[in-house]
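> no sequence on this one, just coordinates:
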């Protein structure tokens, strides 16, 4: 891996700056801003998903400048609101002459360097104004004094970069750097830092302030935690030798596959991610046949309860959702898909290519690593957080068999989940967990305005005896417990609530739920795990814990309505319960709901709901990959 912190790299950084400045001067073509005030507003929409992506773009410059120490400070104001953020490094710094170029869009001394983290000169300027209206850049190389330049998008500021100000005052050029002291709050933080001496020489300080509320994605309350998790993943390989702190707390590196010992989350509890190995693929020029570079892929599978808090792992059917999840869970979900790593720096994850990833794939870890030599093949964009896969990249992934490897990982994941569910059967006997919806549904049942028809009560009683006997016999066979033990445990469980909920695989053609009466007055509602209602809604992170309990209540309310409704609407009418009409109603409802959920899922994948990039060829490309890979196999 390239050694960013070496003395030679630092000297080379300054050399590249000087060469580019000389080039500008010889051509009589000084760096200019482009367009008027609207240009900056457009650049703010370049596509950062959150503050973390923007800050990582700025952090890249510090890494490439050879910094060995980087501090990120936040300035808190009233009610703990963040008023400013500073990124301080002890890298090579920038000369006064180059500082002006550093904030011009496209101004970079590294355009031909594919070994670094950036090439296009868009990171500092675009990231600096992505969610902040005031960007200040302080830097010094060999001198003891800092020089400053800036971008000011504050409408109330006398130096606001309006079209008139850019034209009349700046002549469409970045502001002339001026000698300047660092803000007092930053000097105070550096003075009290454990690594204060490391910042006495060259370096750069980026200050962001006046944040635009509508452009922020993270809450100020969890800002440092969110940033640490994001940066810990993105730079887990490139910044291992760099001392990085966020508000004086050391940045913990995170392998998103959770297979690197010593990194955060690896040994959070006794569970470990299963490493499936690494595959390498040599890439050759399609025309000359010459070797270009190597693509490496890593794979891991995480146990079913890997994202669940340690004290909750033994609860039957527990899922890594809401308050149940540990610190791993969010990393697993945020980085679902193929994680793309360029020159050791993670640039993002792709859920659509080379295959489509669903929410339930979060237990699979896949990382695809490539060098800058393959930028054109992979369709690297000016925004490093995204790639636009070229046809050649798709062919390369197809040839290296990545689809087959992903399917193998999914198969292993399924094996782990099936084993877990089998062991879960014994755990379900005597479970003490009762959901809010179960309690609420019991109250709802007891306060029904319309009484249950007597013939319905009698029919339910007959069905419940048969269902209870079948359930007891089934659990005796599955658990190996004596019949008396199972019966006693179930009776204890039945006394807790009138309504309970469970999930089971009822088939893709089955209804999205079924009712099962037990012990005459008890009801179990079973949600079909094979139906889109469960897979794309109920069991996903798109639904909050409150929403999930509400969905349960919706189903129990439907049951109560069915058993109290007569088809003719009078005492003489046939009860809707257990009638052909009721069965058709639920059947058709399930089919219609299934079709609608599939369409909603398509919209979500194509940016309609989830915000992911639109890709009209997803389904056809996925089919192409799968068929070609199967043929190759």
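Received the coordinates, thanks. These numbers were taken from a predicted model, which means no experiment stands behind them. Numbers count the residues shown, from 1 in each chain.

> which residues are in contact with the host helix or strand of residue 294?
According to DSSP states H and E, residue 294 maps onto strand 291-301. Residues from elsewhere that reach strand 291-301 (Cβ atoms under 8 Å, 6 or more residues apart in numbering): 257-259, 273-285, 363-371, 373-374, 377, 396, 400, 402, 405-406, 408-409, 412-413, 416. Placement of C-beta: from N, CA and C, glycine included.

> Report the rounded mean pLDDT for the very next helix or strand once past that strand.
Sequence-wise, the next helix or strand downstream of strand 291-301 (DSSP H and E) is helix 327-334. With pLDDT averaged residue by residue, helix 327-334 scores 94.

> would you say residue 349 is within a strand?
Yes - assessed with DSSP: H, G, I helix; E, B strand; the rest coil, residue 349 lies in a strand.

> Does it touch residue 331 like I think?
No - using Cβ atoms under 8 Å as the test, residue 349 is too far from residue 331 to be in contact (11.1 Å).

> Give me the more crowded residue out of the two.
residue 331 (24 against 19; other Cβ atoms under 10 Å).

> May I have the residues that are in contact with that one?
Listed by Cβ under 8 Å, 6+ apart, the contact partners of residue 331 are 229, 233, 254, 256, 258, 265.

> Please list all residues in contact with the spatially closest residue to the last one that is not a sequence neighbour.
Same thing as residue 265. Leaving aside its sequence neighbours, residue 265 sits nearest to residue 328 (Cβ to Cβ, 6 or more residues apart in numbering; 4.8 Å). Counting by Cβ under 8 Å, 6+ apart, residue 328 touches 258, 265, 268, 302, 306-307, 320.

> ok, back up a step: give me the sheet partners of the strand holding residue 294 and which way each runs.
Under the criterion DSSP bridges, strand 291-301 sits next to strand 274-284 (antiparallel), strand 364-370 (antiparallel) in its sheet.

> Could you dump those strands into CSV and include mean neighbour count, mean pLDDT and distance to residue 487?
What follows is those, written out as CSV (neighbours: other Cβ atoms under 10 Å; pLDDT from 0 to 100; distance: least, Cβ to Cβ, whole Å):
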stretch, mean neighbour count, mean pLDDT, distance to residue 487
strand 274-284, 14, 93, 39
strand 364-370, 23, 94, 40
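
> The residue sitting nearest the centre point of the chain and residue 513: what is the separation?
Centroid-nearest residue in the chain: residue 334, 1.7 Å away (criterion: Cα atoms, centre = their mean). Distance, residue 334 to residue 513, by Cβ to Cβ, to the nearest Å: 31 Å.

> do the same with residue 75
With the distance defined as Cβ to Cβ, residue 75 ends up 52 Å from residue 513.

> Check residue 396 too.
Here residue 396 is placed at a distance of 45 Å from residue 513 (Cβ to Cβ).

> swap in residue 62?
As for residue 62, its distance to residue 513 is 54 Å (criterion: Cβ to Cβ).

> follow-up on the earlier one: of residue 396 and residue 513, give the one with the bigger neighbour count.
residue 513 (26 against 22).

> mind listing what that one touches?
525-528, 533, 555, 586.

> partners of residue 338 in the sheet?
As for beta bridges, residue 338 partners with residue 350, residue 366 under DSSP bridges.

> I'd assumed residue 348 was in contact with it.
No - with contact defined as Cβ under 8 Å, residue 338 and residue 348 do not form a contacting pair (9.6 Å).

> When these two are compared, which one has more neighbours?
Each of residue 338 and residue 348 has its neighbours counted (other Cβ under 10 Å); residue 338 has more, 22 against 19.

> what's the nearest residue to residue 537 if we skip its chain neighbours?
residue 543 (6.1 Å).

> and that neighbour, helix, strand or coil?
Secondary structure, three-state DSSP: residue 543 is coil.

> Quick check, pLDDT for residue 224.
According to the model, residue 224 scores 96 on pLDDT.

> So it: helix, strand or coil?
Residue 224 ends up helix, using three-state DSSP.

> Select the helix or strand of the chain having the lowest average pLDDT value.
For the chain, using mean pLDDT, DSSP states H and E, the weakest element among its helices and strands is helix 618-632, scoring a mean of 44.

> per-residue pLDDT, residue 65?
Note for residue 65: predicted pLDDT of 89.

> and it, how many neighbours?
Neighbourhood size, residue 65 [other Cβ under 10 Å]: 25.

> before we move on, what about residue 405?
Other residues within reach of residue 405, judged by other Cβ under 10 Å, total 17.

> Phi first, then psi, for it.
The phi/psi pair for residue 405 (degrees, to the nearest 10) reads phi -70, psi -40.

> That one reaches residue 279, doesn't it?
Yes - assessed by Cβ under 8 Å, residue 405 is found in contact with residue 279 at 6.4 Å.

> For residue 99, grab the count of nearby residues.
Neighbour tally, residue 99, other Cβ under 10 Å: 26.

> how far away is the closest residue to it other than its chain neighbours from residue 100?
Nearest in space to residue 99, with sequence neighbours left out and distances taken as Cβ to Cβ, 6+ apart, is residue 177 at 4.5 Å. Residue 177 is 6 Å from residue 100, where distance means Cβ to Cβ.

> The residue nearest to residue 265 and residue 517: what is the separation?
From residue 328 over to residue 517 the distance is 40 Å, taken as Cβ to Cβ.

> what does residue 250 give?
For residue 250, the distance to residue 517 - Cβ to Cβ - is 58 Å.

> who's more crowded, the two?
It is residue 517, of residue 250 and residue 517, that has more neighbours when counted by other Cβ under 10 Å, with 23 against 11.

> what's the helix or strand for residue 597?
helix 580-605.

> mind listing what's buried in that helix?
By neighbour count on 16 or more other Cβ atoms under 10 Å, the buried set for helix 580-605 is 582, 586, 590, 593-594, 597, 601, 605.

> What is the nearest of those residues to residue 129?
residue 605 (30.1 Å; Cβ to Cβ).

> Report pLDDT for the closest one.
56.

> Doesn't residue 174 belong to a strand?
No - looking at residue 174 with three-state DSSP, it is coil, so not inside a strand.

> how near is the nearest residue to it once chain neighbours are set aside to residue 20?
Distance criterion Cβ to Cβ, 6+ apart; nearest residue to residue 174, sequence neighbours excluded, is residue 100 at 4.8 Å. Distance, residue 100 to residue 20, using Cβ to Cβ: 12 Å.

> between the two, which one's more packed in?
More crowded of residue 100 and residue 20, by other Cβ under 10 Å: residue 100, with 23 against 19.
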